[in-house]
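In: Model the structure of this input:
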Amino acid sequence: MEAGKIAAYAAQLFDAERNRKSIAPLTNQDAGITVDDAYHIQLENVKKVLALGHTISGKKIGLTSEGIQKQFAVNEPDYGHLYAAMDCKDGNINTGALLQPKIEGEIAFILKADLAGGKVTRDDVLKATDYVVASFEIVDSRIADWKIKLPDTIADNASSGRYVLSSRKFKLSEVDLPKVSMKLFKNQGELVGEGTGAAVLGDPCISVAWLANRLWTYGVTLKAGEVILSGAFSAAPVAVKGDSFRAEFSTLGTVEARFV
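Out: Residues are numbered from 1 along each chain as shown. Here you go, the predicted model:
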């Protein structure tokens, strides 16, 4: 795709987020848009966000579980960038700053070493990880009514919105990630999702390795100190102002979020 089109589609998404007004799917506007085109659109907006003074705090992997892939009718993972401003340290999510949020329970990796190159393995991820924590990712779409195909969500920074990290830290030697289970509760204890780490490409470490290798295609590296959201355990319920959520993980403890 020519540079002018990439810039134009990036501008649509950038303005949609700033104005909190969704747009038609890019795949409706251009049926020929490819996954590679979409990543270049995403990276165009990364440049814009950094130019405004924001800092990258990590990366997110999306569409890893069967439940999420079925929910959005896609068949492969994707990735997006996280910014420090997305980190909701107190667990409070400003609903008014988002368009149509949903929430996902995940395991977050915090790295102590870079992961680069196109041949990163599970063992490399184990060595590069400082610790893991329970987390929420709040996904949001600038595409109207979540009518997304894979290029739409990729271009839209993998539908990134906000994230919440638990304060309890665990070394990977303390956790069997594929066997970690999660139950997601809404408001007064309604069970709205559950799953295990095995739902995330069989093992969240494999998901992080996939991310490192995919990023390398575009000259992007996972860096020491970054937060890596490894993928949802289950399908993502809708969240509206006034909702509260609690994810209970075996071994990793609990993380909470409130939409205010």
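
In: Quick one: end-to-end length of stretch 185-193, please.
Out: Its first and final residues considered, stretch 185-193 spans 7 Å by C-alpha to C-alpha, to the nearest Å.

In: Give me the buried stretch members for that stretch, please.
Out: 185-186, 192-193 (16 or more other C-beta atoms under 10 Å). (Glycine included, C-beta is placed from N, CA and C.)

In: Which stretches in the stretch 51-200 of the chain count as helices?
Out: 66-72, 122-128, 150-155 (DSSP state H, counting those that start in this stretch).

In: Now pLDDT and distance to L13 too, for the buried residues of stretch 185-193, in a markdown table please.
Out: As requested, these are exported to a markdown table (pLDDT from 0 to 100; distance: C-beta to C-beta, whole Å):
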| residue | pLDDT | distance to L13 |
| --- | --- | --- |
| F185 | 98 | 32 |
| K186 | 97 | 29 |
| V192 | 97 | 28 |
| G193 | 95 | 27 |
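
In: from those residues, which single one is nearest N92?
Out: K186 (16.2 Å; C-beta to C-beta).

In: shouldn't the closest one be in contact with A247?
Out: No. Contact between K186 and A247 fails when scored by C-beta atoms under 8 Å: they sit 10.4 Å apart.

In: So which of the helices of the stretch 51-200 of the chain is nearest Y218?
Out: helix 150-155 (11.2 Å).

In: Distance-wise, check the nearest residue to N94 once chain neighbours are set aside relative to A236.
Out: Nearest non-adjacent residue to N94, counting by C-beta to C-beta, 6 or more residues apart in numbering: V260, 6.5 Å away. The spacing between V260 and A236, counted by C-beta to C-beta, to the nearest Å, is 19 Å.

In: Name the residue in these two with the higher neighbour count.
Out: A236 (25 against 14; other C-beta atoms under 10 Å).

In: Now that one. Nearest residue, chain neighbours left out?
Out: K102 (3.8 Å).

In: and that neighbour, what is it in contact with?
Out: 138-140, 236-239 (C-beta atoms under 8 Å, 6 or more residues apart in numbering).

In: and what of L111?
Out: Contacts of L111 (C-beta under 8 Å, 6+ apart): 128-130, 222-226, 228.

In: could you redo the buried residues of stretch 185-193 as CSV and give each row distance to E106?
Out: Below are the buried residues of stretch 185-193 laid out as CSV (distance: C-beta to C-beta, whole Å):
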residue, distance to E106
F185, 16
K186, 17
V192, 15
G193, 11
